[in-house]
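Peer 1: what would the 3D arrangement of this be:
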Amino acid sequence: MALLILSGVLVLVVGGCVCVVWAARGGPRWVRGVATATLAAGRLVRRSGRTSSNSGLDRGGDAGE
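Peer 2: Just a heads-up that it's a prediction; the model follows:
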């Protein structure tokens, strides 16, 4: 079941990347919409990664503790 879910996520990610490239070359309106959503999701993932990695630094603790 987990393999099926991961495969679905992979298909969505690859499809989103294809839409970003296609939109950059002047694709149809729906492709530009999917590309915008893909880029926004990427920004959210990047932002959440920074927040979680910085939370350990804010506490002042050592990573080995």
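Peer 1: helices or strands up against the longest helix belonging to the chain?
Peer 2: The residue-count maximum for a helix in the chain (DSSP state H) belongs to helix 29-58. Using 3 or more CB pairs under 8 Å, 6 or more residues apart in numbering; DSSP states H and E as the contact test, the elements touching helix 29-58 are helix 2-24. Quick note: C-beta positions are derived from backbone N, CA and C, even for glycine.
Peer 1: just the angle between the helix it packs on and helix 29-58, please?
Peer 2: If you take axes from the mean of the first three to the mean of the last three CA atoms, to 10 degrees, helix 2-24 sits at 120 degrees to helix 29-58.
Peer 1: what residues sit buried inside helix 2-24?
Peer 2: Gly16, Cys19, Val20, Ala23 (16 or more other CB atoms under 10 Å).
Peer 1: closest one of those residues to Ala41?
Peer 2: The closest of the buried residues of helix 2-24 to Ala41 turns out to be Gly16 (CB to CB; 7.5 Å).
Peer 1: chain neighbours aside, what residue packs nearest to that closest one?
Peer 2: Nearest residue to Gly16, sequence neighbours excluded (CB to CB, 6 or more residues apart in numbering): Thr38, at 3.4 Å.
Peer 1: contacts only, for that neighbour.
Peer 2: Gly16, Cys17, Cys19, Val20 (CB atoms under 8 Å, 6 or more residues apart in numbering).
Peer 1: low-confidence ranges in this protein?
Peer 2: 52-65 (pLDDT under 70).
Peer 1: residue closest to the middle of it?
Peer 2: For the chain, the residue nearest the mean C-alpha position is Gly42 (3.2 Å; CA atoms, centre = their mean).
Peer 1: contacting residues around that one?
Peer 2: Contacts of Gly42 by CB under 8 Å, 6+ apart: none found.
Peer 1: so how far is Arg43 from Gly27?
Peer 2: Separation of Gly27 from Arg43 (CB to CB, to the nearest Å): 21 Å.
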